[in-house]
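# let's see this in three dimensions:
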Amino acid sequence: MLQQSEHLGGAAGRGGALADWRRLLRYLRPYRLSLSVAVGLVFALNALRVTQPKFTQYAIDLYIVPRDLRGLHWLALIFAGVLLLSFLFQYVQNVLLESVSQRVMYDLRNELYEKIQQQDVAYFDRTPTGRIMTGITSDVETLDDLFTSGLTDIFGGVIRIASVIVLILWMDVWLTLVTLLTIPLFMLATTWFVRRTRHGYDVLRTKLGNINAFMQEQLAGAHVVQLFNHEAASLRQFHSINDEYHRATVRPIIHHALFFPLVDFISAVGVALIIWFGGWRVMQNTPALEVLSIGALVAFIQYLQQLFQPIRDISDKYNALQASVVAARRIFRTLDLRPDVGAPARPKKAGRAEGRIEFRDVWFAYGGEDWVLKGVSFVVEAGQSVAFIGYTGAGKTTLTSLLMRFYDVQRGAVLIGGVDVRDWDLRALRQNFAAVAQDVLLFTGTIESNIRLGRDDITEERVRWAAREVCAEPFILALPEGYQTEVMERGAGLSVGQKQLISFARSLACEPAVLILDEATGSIDTGTEQLIQQALGRVMSGRTSLVVTHRLTTIRKVSAIVVLQHGEVCEQGTHEELIAARGVYWKLYRLQSLSPRATAQKPDLPGM
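Sure thing, here's the model as predicted:
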């Protein structure tokens, strides 16, 4: 979805990231009660953790050095209670945060899918499916670590750092100053790490999207890859894309491999400074400096570890923060999409169409001024059956796409029932159509669900009626579970003809005002086509029907024929009129009539 890099540096980047953060946090509002409890537990856990080194100090100074074993037992029991309480608080916090995270991701996935469904066909033409899948799955999952631990670790880490500094200042100012000598070194290392990793995560997401897009395309066309022995070339392409992703992952790994050992080294230097200066303080008894006990020295060492650990965690979570900001920005770019084809604010028309179709001086291009249709005008009266003929690329299928408003015209108007399709309620407009294409898409589910296609108003009786009308019921009943037989992905296991018959039944079941047949019989055998022809005459009778086909022998009895050439209407009329005119249609018909295939099969549409 996001193909170019999103850099987070600079003022603009920081401002954009801040806006993304504010927008992302709005998704947490419905779960603020759970979050409030989790934040309260952050404070409670911090209080319990910063007291732990004091237990060590008291154990050494008050009980171990004086050899008070009884007191040591009681202190150990209290310390065990503190650890148990910390465990319970941490458990509840994790459950709450994980629950909130999963709910937020659930909401985001729903919103993303709904937004993607609202996009027009042009969006899917220009956006690879794999990239869309990356947005719904991988980008959303990236936010999981942020919600479950990232925010609380950063927030809790800041609180713990402040708490530790206050405590050690209270315990001993001079030893605290020595302890903090290593902080500038740590800040330098952190700044270097942040700058080095700032831009890497968007590159990683983009490269991952490229892999997903490539794999989706190759797997969907696996039969073509194997048919043309394209495996080796496909593998080389994947190696190249995978290598780009691999190289994008190596640099952050190198930075991580250097940064965290460097943090451990700085922490060790801090410990060494405490042992050196603190040990000297324990051994000396000078008026200028207060005596430091051994227990306090050990507690200081533990506090230093508590000081560096959250800083280390925050630096580590910065990676999740960067990845989350990039993922959130990609998600919000999708959520902010506005379809080129939008529903009118005040539709002039809804409900069932009268069936009269008019193209009025229509000009259309998919991009720029590369016109696919140029000044196309014609009228289809309600109940008429009209065929659209022309060479490949003449614009036949584009006409039906404009009629169903998958795209909008640049000039002119497309009207149905006397109303411009741009003034129709979009859902109501498309409910008037049923389309049967050459390439049939069946969804995972049952035969019955593929005919009904989610419409509760289509009864079981109507499903069976539609199947009988297109002569599909005999083969359906012969299946193991009949209408409840499970359909595999894309209809695998069914023949092309069987899938086509199911598609016809699906179209009939919804009782369309306009039936569109786009090369609907172009890829089925003669016997199956003859079965379909038996039903089409009854189904198309009294219903506006548009037939897009190359097989001229199947349209001799339609009401009218529109011939397209180079995006323009060059001829209109009946079969007999166009044959008598000896124009483009006559040439096409003569070429097909002389071909061996046309001679072998010449079925007509009965009743047309």
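
# show me the shaky parts of the stretch 101-250 of the chain.
149-150, 194-202, 205, 220, 223, 227-228 (pLDDT under 70).

# OK, contacts around M105?
Contacts for M105 (Cβ atoms under 8 Å, 6 or more residues apart in numbering) come out as 140-141, 143-144, 147. In short, each C-beta sits where N, CA and C put it, glycine included.

# ok, now D361?
375-377, 411-413.

# of all these, which comes closest to A353?
When those are ranked by distance to A353 (Cβ to Cβ), A413 comes first, at 15.3 Å.

# how about the helices in the stretch 101-250 of the chain?
121-126, 129-134, 140-145, 151-171, 173-179, 183-197, 200-220, 222-227, 231-283 (DSSP state H, counting those that start in this stretch).

# counting by contacts, list what the second one packs against.
Helices and strands in packing contact with helix 129-134 are listed as helix 200-220; criterion 3 or more Cβ pairs under 8 Å, 6 or more residues apart in numbering; DSSP states H and E.

# the helix it packs on - contacts with which helices or strands?
By 3+ Cβ pairs under 8 Å, 6+ apart, helix 200-220 packs against helix 129-134, helix 231-283, helix 294-335.

# between these, which gets nearest to R103?
For these, the distance to R103 is smallest for helix 294-335, at 15.9 Å, taking Cβ to Cβ.

# check the offset of the helix or strand just after that closest one from the chain's centre.
Following helix 294-335 in sequence order, the next helix or strand is strand 357-365 (DSSP states H and E). Relative to its chain's centre, strand 357-365 lies at 34 Å (Cα atoms, centre = their mean, to the nearest Å).

# tell me the buried residues in the very next helix or strand once past strand 357-365?
The helix or strand immediately downstream of strand 357-365 is strand 371-380, counting by DSSP H and E. For strand 371-380, a neighbour-count test (16 or more other Cβ atoms under 10 Å) marks 371-374, 376, 378, 380 as buried.

# strand 371-380 - what's its average pLDDT?
For strand 371-380, mean pLDDT is 92.

# returning to that earlier point: now the helices and strands packed on helix 200-220 in JSON lines, with mean neighbour count and distance to G393?
Shown next, in JSON lines, are the helices and strands packed on helix 200-220 (neighbours: other Cβ atoms under 10 Å; distance: least, Cβ to Cβ, whole Å):
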{"stretch": "helix 129-134", "mean neighbour count": "20", "distance to G393": "25"}
{"stretch": "helix 231-283", "mean neighbour count": "14", "distance to G393": "27"}
{"stretch": "helix 294-335", "mean neighbour count": "21", "distance to G393": "32"}
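
# these: which one's closest to G445?
Using Cβ to Cβ, the helices and strands packed on helix 200-220 put helix 129-134 closest to G445, at 20.0 Å.

# how far off centre is that closest one?
Mean-position distance between helix 129-134 and its chain equals 6 Å (Cα atoms, centre = their mean).

# buried set for stretch 350-369?
For stretch 350-369, by 16+ other Cβ under 10 Å, it's 353-360, 362-365.

# out of these, what pair is the most spread apart?
So, the buried residues of stretch 350-369 by Cβ to Cβ: farthest apart are E354 and A365, at 29.6 Å.

# my read: F193 touches A257, true?
No: F193 sits out of contact with A257 when judged by Cβ atoms under 8 Å, with a separation of 11.2 Å.

# report the contact partners of G417.
349, 353-356.

# if we go to 7 Å?
349, 353-354, 356 (Cβ atoms under 7 Å, 6 or more residues apart in numbering).

# quick one, phi psi at it?
phi 60, psi 30 (degrees, to the nearest 10).

# begin at 43, not 1, for the rest of this chat.
Shifting the count to begin at 43 puts that one at G459.

# spatially nearest residue to V107, not counting backbone neighbours?
Spatial nearest neighbour of V107, excluding adjacent residues (Cβ to Cβ, 6 or more residues apart in numbering): I336 at 7.1 Å.

# measure the one you found to N254 for me?
I336 sits 59 Å away from N254, going by Cβ to Cβ, to the nearest Å.

# quick check: D450 touching A385?
No: D450 is beyond contact range of A385, at 12.0 Å (criterion: Cβ atoms under 7 Å).

# ok, now which ones touch the residue nearest the centre of the chain?
Central residue of the chain (Cα atoms, centre = their mean): I178, 2.5 Å from the mean position. Contacts for I178 (Cβ under 7 Å, 6+ apart) come out as 151, 154-155.

# now do A476
549, 552, 554, 557 are the contacts of A476 under Cβ under 7 Å, 6+ apart.

# mind redoing it with 10 Å?
By Cβ atoms under 10 Å, 6 or more residues apart in numbering, the contact list for A476 reads 545-546, 548-559, 581, 585.

# ok, which pair from those residues is furthest apart?
It's S545 and A555 that sit farthest apart of these, by Cβ to Cβ, at 18.4 Å.

# ok, these two, which is more surrounded?
Taking neighbours as other Cβ atoms under 10 Å, S545 and A555 compare with S545 leading, 25 against 18.

# is that one in contact with I493, as I believe?
Yes: at 9.1 Å, S545 counts as touching I493 under the criterion of Cβ atoms under 10 Å.

# shared neighbours, these two?
Joint contacts of S545 and I493 (Cβ under 10 Å, 6+ apart) are 484, 514.

# before we move on, back to that, list the residues that contact both of D450 and A385?
By Cβ under 10 Å, 6+ apart, the residues touching both D450 and A385 are R464.

# what's next to stretch 84-95, contact-wise?
Against stretch 84-95 from outside (Cβ under 10 Å, 6+ apart): 121, 124-125, 127-129, 131-132, 134-135, 193-195, 197-206, 208-210, 213, 337-338, 340-348, 351-352.

# all strands of the stretch 393-542 of the chain, in order?
399-407, 413-422, 427-432, 453-458, 461-462, 475-479, 487-488, 528-529 (DSSP state E, counting those that start in this stretch).

# could you dump these into JSON lines with distance to Y631 added?
JSON lines is the format used below for the strands of the stretch 393-542 of the chain (distance: least, Cβ to Cβ, whole Å):
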{"stretch": "strand 399-407", "distance to Y631": "24"}
{"stretch": "strand 413-422", "distance to Y631": "20"}
{"stretch": "strand 427-432", "distance to Y631": "9"}
{"stretch": "strand 453-458", "distance to Y631": "28"}
{"stretch": "strand 461-462", "distance to Y631": "35"}
{"stretch": "strand 475-479", "distance to Y631": "23"}
{"stretch": "strand 487-488", "distance to Y631": "42"}
{"stretch": "strand 528-529", "distance to Y631": "38"}
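
# and the helices in the stretch 493-642 of the chain, which stretches?
Assigned by DSSP H, counting those that start in this stretch, the stretch 493-642 of the chain shows helices spanning 502-511, 515-519, 538-551, 568-582, 617-623, 626-636, 638-642.

# figure out how far the fifth one is from the centre of its chain.
Using Cα atoms, centre = their mean, the distance from the centre of helix 617-623 to the centre of the chain it belongs to is 52 Å.

# also the first one?
With Cα atoms, centre = their mean as the basis, the distance from the averaged C-alpha position of helix 502-511 to the chain average is 36 Å.

# average pLDDT for that helix?
For helix 502-511, the per-residue pLDDT averages 87.

# got it, and the longest one?
Average pLDDT, helix 568-582: 65.

# what about R112, how many residues nearby?
8.

# now do the helix or strand containing it and helix 336-377, the angle between them.
Following DSSP H and E, the helix or strand that holds R112 is helix 111-160. Inter-element angle recorded for helix 111-160 and helix 336-377: 10 degrees (by axes from the mean of the first three to the mean of the last three Cα atoms, to 10 degrees).

# orientation of helix 111-160 relative to helix 193-213 in degrees?
Using the same axes, to 10 degrees: helix 111-160 against helix 193-213 is 150 degrees.

# G454 reaches W405, doesn't it?
Yes: in this structure, G454 is within contact of W405 by Cβ under 10 Å, at 5.7 Å.

# quickly list what's touching both of the two.
415, 417-418.

# which ones are touching F197?
Counting by Cβ under 10 Å, 6+ apart, F197 has contacts 80-81, 84-85, 88, 356.
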